[in-house]
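A.B. asks: sequence first, predicted coordinates after that:
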Amino acid sequence: MSKKFFLLIFFVFFLTNSEAKQLTNNVIVSVDNLIITDLDINKEINFLRFINKEQAVNSPEKFKKEIINSLIDRKIKDIESNYFKIEISEKEIENNLYNYLERMKINNEILNTFYNQNQIEKDYLKNIIKIDMKWSKLIRQIYESRLNVNLTEVNKELEKEQNNSVDDEKLKRQLIISEQNKLLNKFSATHLEKSKKKYLIKFL
């Protein structure tokens, strides 16, 4: 075969590859100076399907829309946490990552195999956990003084249980923590919506 023929094959291969990369890296949304691409969306879809193996997707378009909104939320959480200089230790992140994988019954070998097969960076889940932890810490710092639990309701729940005094104290603490977490989730959702108004979110 001639050199020209080899050059032609190389050119076609290079062009096809370039076009494929352009398709997968189309910018879908920009959040201030940060972008979300087709590649980001595909990574997240593959990751969620890997984590939730039994979850059926009835409407792919609706699922994709939810993914995009989730990625926008994550960008906002990351921006806000960095703005307020929220820090989480590496040990805390690793512990949360370990506990998450334990709950999902996934070991490192399975996770790394998934990353390799889907060409996803090995700290993908770790980064998600880090952003969520920083955001939770930020919300708790901002709304700590507003975590007042209605003890009357807690005591009513205790009466329903009718446990002994030792168990009552333990259950009471659990109920208070549960109520505080509900409040934190509420504050988190509200704060996220407020934060979205601070940044330019543009669909391209």
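C.D. replies: Sure, I can see it. Residues are numbered from 1 along each chain as shown.

A.B. asks: hey, let's count contacts and neighbours off CA atoms from now on
C.D. replies: Will do.

A.B. asks: average pLDDT across the helix or strand that contains residue 188?
C.D. replies: Assigning secondary structure by DSSP states H and E places residue 188 in helix 165-196. Throughout helix 165-196, pLDDT has a mean value of 87.

A.B. asks: what strands line up against the helix or strand that that helix is followed by, and which way round?
C.D. replies: Using DSSP H and E, the helix or strand that directly follows helix 165-196 along the chain is strand 201-203. Each strand that strand 201-203 pairs with, and the sense of that pairing, follows from DSSP bridges: strand 27-31 (antiparallel).

A.B. asks: angle of the strand it pairs with against helix 165-196?
C.D. replies: 100 degrees (axes from the mean of the first three to the mean of the last three Cα atoms, to 10 degrees).

A.B. asks: circling back to that earlier point, which helices and strands sit right next to the helix holding residue 188?
C.D. replies: Helices and strands touching helix 165-196, as assessed by 3 or more Cα pairs under 8 Å, 6 or more residues apart in numbering; DSSP states H and E, comprise helix 60-83, helix 124-143, helix 151-161.

A.B. asks: helices or strands next to the longest one in the packing?
C.D. replies: So the one you mean is helix 60-83. Using 3+ Cα pairs under 8 Å, 6+ apart as the contact criterion, the elements in contact with helix 60-83 are strand 27-31, strand 34-37, helix 38-51, helix 124-143, helix 165-196.

A.B. asks: what angle do helix 165-196 and it make with each other?
C.D. replies: 90 degrees.

A.B. asks: for the most centrally placed residue in the chain, give its distance to residue 27.
C.D. replies: Nearest to the geometric centre of the chain sits residue 128, at 4.6 Å (Cα atoms, centre = their mean). Applying Cα to Cα, to the nearest Å, one obtains 20 Å for the distance of residue 128 from residue 27.

A.B. asks: repeat that for residue 153.
C.D. replies: Separation of residue 153 from residue 27 (Cα to Cα) stands at 49 Å.

A.B. asks: among those two, which residue is more densely surrounded?
C.D. replies: residue 27 (16 against 13; other Cα atoms under 10 Å).

A.B. asks: need the contact list for the residue nearest to the more buried one when sequence neighbours are not counted.
C.D. replies: For residue 27, the nearest residue in space outside its immediate sequence neighbours is residue 37; the separation is 4.2 Å by Cα to Cα, 6 or more residues apart in numbering. By Cα atoms under 8 Å, 6 or more residues apart in numbering, residue 37 lies in contact with 24, 25, 26, 27, 28, 29.

A.B. asks: can we see that at 6 Å?
C.D. replies: Contact partners of residue 37, counting by Cα atoms under 6 Å, 6 or more residues apart in numbering, are 25, 26, 27, 28.

A.B. asks: need the pLDDT of the second one.
C.D. replies: This means residue 26. Value listed for residue 26 in the pLDDT field: 93.
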